[in-house]
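Novice: what follows is a protein structure lacking sequence information:
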């Protein structure tokens, strides 16, 4: 075999060149310490608040309610929790799903209040402040439908999918090395 092989024009370049990436467990430990559930919660709630306002404005502007906007909420919450929380375990997808379902409910309440405010010729905040215990059964009977529930659940699934941090090859290997060292120390 020749050492001097001619390169084919049709051959794709190799993605993984050279030896395997050497990583230490210190990088894996740093990745675990970077996780922040509090930052993830804050980012998710900020997205819910901003999204609720935008959804209400768009809905009143075009005079239609778009229940599929909850799917966008799920994607935004998942990406925000990934970015702020830097999560690696199961807690972050569960958190993203819960925040999305909560956000879907809050967003539907804000949109319903915005349309009610137009009918009553007042502000949305005035309607939200005037909510009583007598208002909730009417809201759940007349405004919230099974379609909203289905979209909220699909939005929660989308949020859970996007919530965990994406690792490159070296980070993944370092995390596995750190986890193995941690279990070996626990056994001894």
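Specialist: Great, that's in hand. The structure displayed is predicted, hence computed values, not measured ones.
Novice: quick one: buried residues of the helix ranked longest in the chain?
Specialist: Ranked by residue count, the top helix of the chain under DSSP state H comes out as helix 91-120. Residues 92-93, 95-117 are the ones in helix 91-120 that count as buried (16 or more other C-beta atoms under 10 Å). C-beta coordinates here come from the backbone N, C-alpha and C atoms, glycine included.
Novice: ok, so what distance separates the residue positioned nearest the centre of the chain from residue 137?
Specialist: Taking C-alpha atoms, centre = their mean, the centroid of the chain lies closest to residue 78, which sits 1.0 Å from it. From residue 78 across to residue 137, the span is 32 Å (C-beta to C-beta, to the nearest Å).
Novice: now swap in residue 155 and tell me
Specialist: Per C-beta to C-beta, residue 155 is found 25 Å from residue 137.
Novice: would you mind pulling up the elements that the helix or strand where residue 82 lies packs against?
Specialist: Assigned by DSSP states H and E, residue 82 belongs to helix 69-85. Counting contacts by 3 or more C-beta pairs under 8 Å, 6 or more residues apart in numbering; DSSP states H and E, helix 69-85 is packed against helix 37-62, helix 91-120, helix 146-163.
Novice: how far does it sit from the chain's center?
Specialist: 3 Å (C-alpha atoms, centre = their mean, to the nearest Å).
Novice: that older thread, what about the nearest residue to the residue nearest to the centre of the chain once chain neighbours are set aside, how many residues nearby?
Specialist: Nearest residue to residue 78, sequence neighbours excluded (C-beta to C-beta, 6 or more residues apart in numbering): residue 162, at 2.9 Å. For residue 162, the neighbour count with other C-beta atoms under 10 Å is 20.
Novice: and residue 39, what does it touch?
Specialist: Neighbour list for residue 39: 84-86 [criterion: C-beta atoms under 8 Å, 6 or more residues apart in numbering].
Novice: for the chain, give me the ranges with low pLDDT.
Specialist: Within the chain, the stretches with pLDDT under 70 are 1-7, 13-23.
Novice: repeat the analysis, applying 50 as the threshold.
Specialist: Scanning the chain for pLDDT under 50 picks out the ranges 1, 18-19.
Novice: which helix or strand contains residue 127?
Specialist: helix 124-129.
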